[in-house]
Each structure stands twice: as C-alpha cells, then as structure tokens.
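Asker: everything below, folded, please.
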Amino acid sequence: MNNQPASGSFILPSRGRDVAGLAGRWILGGVFIYMGLTKALHPVDFLKVLRQYEMVESHVLLNLIAAALPWFEVLCGLFLLAGIAVRGSALLLLGMLIPFTLVVLKRALAIHAAKAIPFCAISFDCGCGGGAVVICHKLLENSLLILLSLLLLTVRANRLSLRYDLLKSGQPVGK
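Answerer: Residues are numbered from 1 along each chain as shown. Below is the predicted model:
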C-alpha cells in the first residue's frame, strides 16, 4: 500500500492516526488535568503568581481568572481524555499555551537582563502548577504541548473517542 500521494506529502494510515490521536489526547489531557487541579487546590498561590505577571490591572478580573482558569483547564483535559470536542479543546488549549509561553519567556528575559545569569539557569514559579521550574525546561515542555495541540487539530482520529461511539450509526458525518 502506497502512503504517498502525488503531492509528495505523507499520509498517516488510519491505525496510525488513531494511535497518534489517542496518545496526544491522553498526554495533553492528563497534563492539563494535573496542572488545573494543582492550581484549583491552591488558589491563593496561583493568584499570587498571576499577580507577578502584571497582565491585568483589575483585581476583580484577576480573581476571576485565578478562580476560573484552573477549572477550564481541567474541563478541556477531561474532554480530551474522553474524546469529546477534541479539536475545540485543542484549539482552546493552544489559545492558552501560546500567550502564556510568551509571557513566561518575557519574564525570563527580564530576569536574565536584571540578574545577568545564564538563561537556562533561570528558575521561577511560572504559575503552571508545578512550583519553581527551570525556564529552558518549561519552554521546551510548552513547545511540546503546543505541538501536541497542533497534532490534535490536524489529525482526525475518531475511532477511540466517545464521539465516534455516539455516531456509529454507519452514516458519514456531514454527508
């Protein structure tokens, strides 16, 4: 069986898409459930870390973000584990990961400039739920999470999801 179309781009076989989609969903979902629960169970600590980024002037809005964001992460993680709204959840997580990664990078660059220490020696609590992290490790981790989110946006892997089980009537969706 030839997996190369005329354009030269590689097409992942159906079983490979299912395995890649399932692994991506479970990894990304598990990470966000863990991070969300860690923040939700320690809301004051999370609020203090958020305050350090000075992104929001309003205390009411900052409190709302600190209260809602962890549960939103948990919900997206649960959706990914179950295979419900996978693309939407992946897109929403991308919408959180990219700006958050840029804010963490900006803070690390400011620390690097202020203290004149090697960039990869910088360590601080970024608010991700894991305590103090080495910045190079955190940026690599976030980059991998971004790539997983992009994978879930592009790979259609329906067979191992609740959504697929609900739509098994034999009728193609959208046709």
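
Asker: make it CA atoms for all contacts and neighbour counts henceforth
Answerer: Fine.

Asker: quick check: mean pLDDT across stretch 156-165?
Answerer: Predicted confidence along stretch 156-165 averages 61 (mean pLDDT).

Asker: make 3 the starting number, not 1.
Answerer: Right, with 3 as the first residue, what we last looked at is stretch 158-167.

Asker: you'd agree residue 135 is in a strand?
Answerer: Yes - under DSSP: H, G, I helix; E, B strand; the rest coil, residue 135 sits within a strand.

Asker: in which helix or strand does the closest residue to residue 121 other than its chain neighbours reside?
Answerer: Take residue 121 and drop its neighbours on the chain: the residue closest to it by C-alpha to C-alpha, 6 or more residues apart in numbering is residue 114, 5.9 Å away. Residue 114 is part of helix 88-117 when elements are defined by DSSP states H and E.

Asker: surely the residue nearest to residue 121 touches residue 123?
Answerer: No - counting by C-alpha atoms under 8 Å, residue 114 stays clear of residue 123, with 9.1 Å between them.

Asker: if I look at residue 138, how far off is residue 71?
Answerer: The spacing between residue 138 and residue 71, counted by C-alpha to C-alpha, to the nearest Å, is 24 Å.

Asker: higher neighbour count, residue 114 and residue 123?
Answerer: residue 114 (16 against 11; other C-alpha atoms under 10 Å).

Asker: give the contact list for that one.
Answerer: Taking C-alpha atoms under 8 Å, 6 or more residues apart in numbering as the contact definition, residue 114 lies against 120-121, 124.

Asker: tell me where the chain has strands.
Answerer: Along the chain, the segments classed as strands by DSSP state E run 125-127, 134-136.

Asker: relative to residue 26, which of the ones you listed is closest?
Answerer: strand 134-136 (23.2 Å; C-alpha to C-alpha).

Asker: okay, which residue is most central for the protein?
Answerer: Centroid-nearest residue in the chain, with C-alpha atoms, centre = their mean: residue 95, separated by 4.4 Å.

Asker: give the contact list for that one.
Answerer: 75, 78, 151.
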